[in-house]
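Engineer: got a structure for you, letters missing:
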């Protein structure tokens, strides 16, 4: 690429700020003209090692200063604040009133009508009896209401986690009718809670941010397609259906049963209510005030279909129904959890994965609605709350619960004010368990399949994928990789691909940081990337390069080689114009840190430049970098007079000395 070299020497420049101590110096041209003040780059005072470590730990784990409000408080007040930190309901509950309760009552009843049919359906996704879905929407929301910091999240089983759990559990115990399968589900739930609580207590919430937004979009979309395909069994009335989740196996199972396995009565019921559910969603999307139409649609579908099957006795004609749903509140499952034996290892592994996915979904939902209502959401408190509710849930016959996006959206639109809406939902589920569970006996599986398909359809975000393609092709690759991994293999492989591509992107950005060739903008003392600003002119005899990253062992060698390659390319082009490079200026404003490998790389760069009779010049190194330059004696090697506050200072000093 050819770059225009200016015929004039850069204008004399002054620094806009004074950094460090020491008096400014006045430099002179060889012709005697005086330059404005050019300020020395100051070295920061040496930091105490213990203090440095303390600051690093504080910024990593306690950047939000969680103990700040305890300062200068009495012992009693500290106790109160401590209890409020663990149970936020003690803080916001003091200002609770009837007006807020009205909003919470309406939203709680609305999400209860949505969660009951969904819970029964999602339990089937996890290959569990329907009542376990209802159990999970009774105990877990109660615990979260007391400990959670989100006002809008609706707690309960969700489709993606249910599928993930069901897939991983059946990999260990293929016969999900065995009691060992249920025990393993409770064990996984227990360790999912332990994982979530540990992340919160140790303030390691930043770990879930390693799963990028792009990977989550792809993973959720793939999981939604997989879940929908799994529902073809119930929607078409197929009895002999594959236990695999990949699209090839599922479609083969569907078409191999087309002549003798499909039940037309089941198809009519399923398709009719699926059309009704999608129509209600369309109405709610067109008119936000009609959100209740979509929210009530699943419960209406269950009631109508159950009544229809009962009066026609369609179950006698091959229409599969729920049959039995256990009545009563959650029995204790504390003795069912594996704490030893061959299933302990799989229980921990499944729990950690399910817990991380559940946490990622919940935090994403919580942040979304917190931003919409403009209130703070404490991520670490959320993790502790989620962990506690799943631990307690595992002891009371629940499986992994988390924040549901569909229910949270309905909760928000119904006008929820606080987490009391979860308490209202929990009470309704309790009444359902105690009074009306026998009525679900004739609920057709086809309707439950329709409810799941309608619910997960919103997880396929095509617009987000298109936006990823427009903004960042690597992000799009992560999205597509996770998507195809889920639908062509399984949820675990899709998750693994999502994590792998996310880490690959981080490694690529760290090991191959950007560098830019700078030029002077006409009429200013600003130096900018000549690719972004083609009018920027380069300085005769000088090459100015900016490094856009911290310099570590992982990228130091690449940065050194990239700078030399820039130099080589510019040297070849300028020889055509009979100009010679005498100064290499490295703009270090974006360089936040440098390690010993980086120092060593700059020493080698300096030696290499000396052989070519080119002087290395540094511009605007930050305090940490400057401290390490002095500690390593690299500042002395380069020369204090060759380290400047700005690029403009360097050009003002050496620009006239560079021979054309």
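Structural biologist: Great, that's in hand. Source: prediction; values computed, not measured.

Engineer: what residue ranges in the chain score low on pLDDT?
Structural biologist: Low-confidence segments of the chain (pLDDT under 70): 1-37, 42-49, 52, 56, 58-70, 577-578, 656-660.

Engineer: Can you list the residue ranges for strands in it?
Structural biologist: For the chain, the strands defined by DSSP state E cover 25-28, 34-38, 154-156, 402-404, 515-520, 527-529, 542-547, 583-587, 615-619, 643-644.

Engineer: what comes into contact with stretch 614-632?
Structural biologist: Residues outside stretch 614-632 that contact it (Cβ atoms under 8 Å, 6 or more residues apart in numbering) are 41-44, 46-47, 544, 567, 581-589, 591-596, 599, 602, 605-606, 609, 634-635, 638, 642-647, 649-650, 654. No exception for glycine: its C-beta is placed from N, CA and C like everyone else's.

Engineer: Now do it: distance to the chain's middle.
Structural biologist: Mean C-alpha position of stretch 614-632 versus that of the full chain (Cα atoms, centre = their mean, to the nearest Å) differs by 36 Å.

Engineer: cool, stretch 285-293 as well?
Structural biologist: Centroid displacement of stretch 285-293 relative to its chain, using Cα atoms, centre = their mean, is 29 Å.

Engineer: Let me see the domain layout of the protein.
Structural biologist: Following the assignment in automatic domain parsing, the chain carries domains at 8-45+512-654, 103-456+463-507.

Engineer: Just send the ones you listed back as CSV, with distance to residue 94 and mean neighbour count too.
Structural biologist: Formatted as CSV, the domains of the chain follow (distance: least, Cβ to Cβ, whole Å; neighbours: other Cβ atoms under 10 Å):
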stretch, distance to residue 94, mean neighbour count
domain 8-45+512-654, 44, 17
domain 103-456+463-507, 12, 21
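
Engineer: Format these as JSON lines; extra columns: distance to residue 96.
Structural biologist: Below are those laid out as JSON lines (distance: least, Cβ to Cβ, whole Å):
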{"stretch": "domain 8-45+512-654", "distance to residue 96": "46"}
{"stretch": "domain 103-456+463-507", "distance to residue 96": "7"}
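
Engineer: of all these, which lies closest to residue 75?
Structural biologist: domain 103-456+463-507 (22.8 Å; Cβ to Cβ).

Engineer: how far does the closest one stretch from start to finish?
Structural biologist: End-to-end span of domain 103-456+463-507 (Cα to Cα, to the nearest Å): 47 Å.

Engineer: coming back round to it: closest one to residue 474 among the strands of the chain?
Structural biologist: strand 515-520 (18.5 Å).

Engineer: Give me the contacts around the closest one.
Structural biologist: In contact with strand 515-520 (Cβ under 8 Å, 6+ apart) are residues 3, 6, 10, 526-531, 533, 536-539, 543-548, 559, 562-563, 566, 570, 587, 647, 651.

Engineer: Now do it against strand 615-619, angle only.
Structural biologist: Orientation of strand 515-520 against strand 615-619 (axes from the mean of the first three to the mean of the last three Cα atoms, to 10 degrees) gives an angle of 90 degrees.

Engineer: max-length helix in the chain?
Structural biologist: As assigned by DSSP state H, the longest helix anywhere in the chain is helix 344-373.

Engineer: helices or strands up against it?
Structural biologist: helix 159-172, helix 179-201, helix 379-395, strand 402-404, helix 405-413, helix 491-511 (3 or more Cβ pairs under 8 Å, 6 or more residues apart in numbering; DSSP states H and E).

Engineer: can you put those in CSV and add distance to residue 295?
Structural biologist: Below are the helices and strands packed on helix 344-373 laid out as CSV (distance: least, Cβ to Cβ, whole Å):
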stretch, distance to residue 295
helix 159-172, 17
helix 179-201, 27
helix 379-395, 23
strand 402-404, 12
helix 405-413, 5
helix 491-511, 28
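
Engineer: between these, which one is nearest to residue 55?
Structural biologist: Of all the helices and strands packed on helix 344-373, helix 379-395 comes closest under Cβ to Cβ, at 19.6 Å.

Engineer: Which elements pack onto that closest one?
Structural biologist: helix 139-147, helix 179-201, helix 344-373.

Engineer: Now the phi/psi pair for residue 645, please.
Structural biologist: The phi/psi pair for residue 645 (degrees, to the nearest 10) reads phi -70, psi -40.
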